[in-house]
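Asks: need the 3D shape of this:
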Amino acid sequence: MFDRSGLPSAVTIYEVGPRDGLQNETVILPTAVKVELIERLAASGLPAIEITSLVRPDKVPALADAEELLSALAPLLDSHRMVVLVPNQRGLDRALSAGVREVAVFASATESFAKANLNSSVAESLATYRPVIEQARAAGLLVRGYISMCFGDPWEGKVSTGQVTRVAESLFEFGITELSLGDTIGIATPGEVINLLDALDSRKIARSSLAVHFHDTYGQALSNTLTALLEGITTVDSSIAGLGGCPFAKSATGNLATEDLVWQLQGLGIVTGVDLEALIDTSNWLSRKTGLPLRSKAAIALSNRKDGSK
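Replies: Residues are numbered from 1 along each chain as shown. A predicted model of the protein is given here:
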C-alpha cells in the first residue's frame with residue numbers, strides 16, 4: 001500500500017495559464033475573453049492566478065493589453081490572489097498604478113537563458129531586480145520569484161544545484177516571499193528534484209517558501225510533482241489545458257495541465273479547493289474560443305466520458 005504519511009493535507013495550485021500559457025500561443029485572445037477566462041478560473045476555486053505580464057508589447061504581443069485587462073479585473077485584484085509579472089522598474093510602476101497587490105520577477109540559473117530571455121547576464125538581471133523587489137516590498141506587495149532552467153538548459157546542458165542556489169539566495173536576500181523552481185525544458189526527473197530541494201535546504205531555504213513549476217516535455221511533470229509533495233512542497237504551478245511553453249526556449253513544451261494535477265491530488269485525498277468539473281468546462285470553453293487543442297489528458301478523458309453518457 002502506498003504510504004501517504006509524507007504527503008501534505010492540502011496543496012495550493014498556482015495557475016499560470018493566463019500569463020505563461022497564453023504568452024507562448026499563436027492565438028492572441030481579445031481582452032474580454034481573457035477577462036472571462038480569469039473569472040472562470042477564480043470561480044472554479046483556484047486560489048492563485050498569474051494574470052498577465054507588464055512587458056513591452058512588442059516583446060510579448062499576446063499580453064499587450066495588460067493595463068486594459070487589469071482595469072477590467074479591478075474587483076478581483078482585491079478579493080483574490082492575482083499576480084502580475086514585472087520585468088523591471090517600469091513594470092513595477094505600472095503594476096502599482098493598476099492596484100496590483102502581488103508581483104513576480106523572473107530570473108535565470110544560466111547565463112545563456114539570461115541572455116536569450118532577459119538580454120543580460122545573471123548578475124546584471126539580479127542587479128535590476130534588487131531595487132524592484134525592495135520597492136515592491138516597501139509598498140506592501142508580496143513578491144514571487146522565478147528561477148528558470150533549474151535542471152537543464154538547451155544551450156548549456158545539465159544545470160548544477162549550485163547555480164540555482166546562488167540565484168535563490170540572492171532573490172531571498174532582496175526580499176521575495178516565494179520562489180518557484182522552473183523546469184523550463186521539462187528535463188527533470190524525481191531524483192534531480194530531491195537533489196535540488198536538498199541543496200536549497202542546506203542553504204537554509206525552507207520548503208514552505210518554495211513552489212515547483214514543471215513542464216511535461218519528457219512526461220515527467222506529474223511524477224516530479226508527487227516527488228516534490230513527498231519532499232514537503234505545498235505549492236505547485238500549473239496551466240489550464242496544459243497551455244504554454246517558453247518563447248525563448250524552443251525545446252520547452254506545455255506546462256503541467258491544471259486538470260491533470262487536480263485529478264492526481266484528488267486521488268491522493270489532498271485538498272485543493274478546486275472544482276474539477278468547472279475547470280474542465282472552462283478548458284472546453286477555452287478550446288472552442290481559441291481553436292487550440294486540449295493538452296490535458298484528464299480533461300480529454302473526462303470530457304469524452306461525459307459526452308459518451310449523453
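Asks: got any ranges where the stretch 151-300 of the chain has weak pLDDT?
Replies: Residue ranges of the stretch 151-300 of the chain with pLDDT under 70: 245-253.
Asks: just the helices in it please.
Replies: For the stretch 151-300 of the chain, the helices defined by DSSP state H, counting those that start in this stretch cover 161-174, 190-202, 221-230, 258-267, 276-290, 297-308.
Asks: what's the angle from the longest one to helix 258-267?
Replies: Just to be clear, that refers to helix 276-290. Counting by axes from the mean of the first three to the mean of the last three Cα atoms, to 10 degrees, helix 276-290 lies at 170 degrees to helix 258-267.
Asks: ditto for the last one
Replies: On the basis of the same axes, to 10 degrees, helix 297-308 is oriented at 90 degrees to helix 258-267.
Asks: returning to what we had before: now for the helices of the stretch 151-300 of the chain, which one comes closest to residue 37?
Replies: Judged by Cβ to Cβ, the one of those that comes nearest to residue 37 is helix 276-290, at 6.2 Å. In this view, the C-beta of every residue, glycine as well, is placed from N, C-alpha and C.
Asks: tell me the gap between the closest one and the middle of its chain.
Replies: Chain-centre distance of helix 276-290: 19 Å, with Cα atoms, centre = their mean, to the nearest Å.
Asks: now it - C-alpha only, PDB.
Replies: Taking C-alpha atoms only, helix 276-290 is exported to PDB below (Å, rounded to 0.1, in the frame of the first residue of the first chain):
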ATOM      1  CA  LEU A 276     -12.600  19.800 -11.300                       C
ATOM      2  CA  GLU A 277     -15.900  19.800 -13.300                       C
ATOM      3  CA  ALA A 278     -15.900  23.600 -13.500                       C
ATOM      4  CA  LEU A 279     -12.300  23.600 -14.500                       C
ATOM      5  CA  ILE A 280     -12.900  21.100 -17.400                       C
ATOM      6  CA  ASP A 281     -15.900  23.100 -18.500                       C
ATOM      7  CA  THR A 282     -13.500  26.100 -18.700                       C
ATOM      8  CA  SER A 283     -11.000  24.000 -20.600                       C
ATOM      9  CA  ASN A 284     -13.500  23.100 -23.300                       C
ATOM     10  CA  TRP A 285     -14.800  26.600 -23.500                       C
ATOM     11  CA  LEU A 286     -11.300  27.900 -24.000                       C
ATOM     12  CA  SER A 287     -10.600  25.300 -26.700                       C
ATOM     13  CA  ARG A 288     -13.700  26.400 -28.500                       C
ATOM     14  CA  LYS A 289     -12.800  30.100 -28.200                       C
ATOM     15  CA  THR A 290      -9.200  29.700 -29.400                       C
END
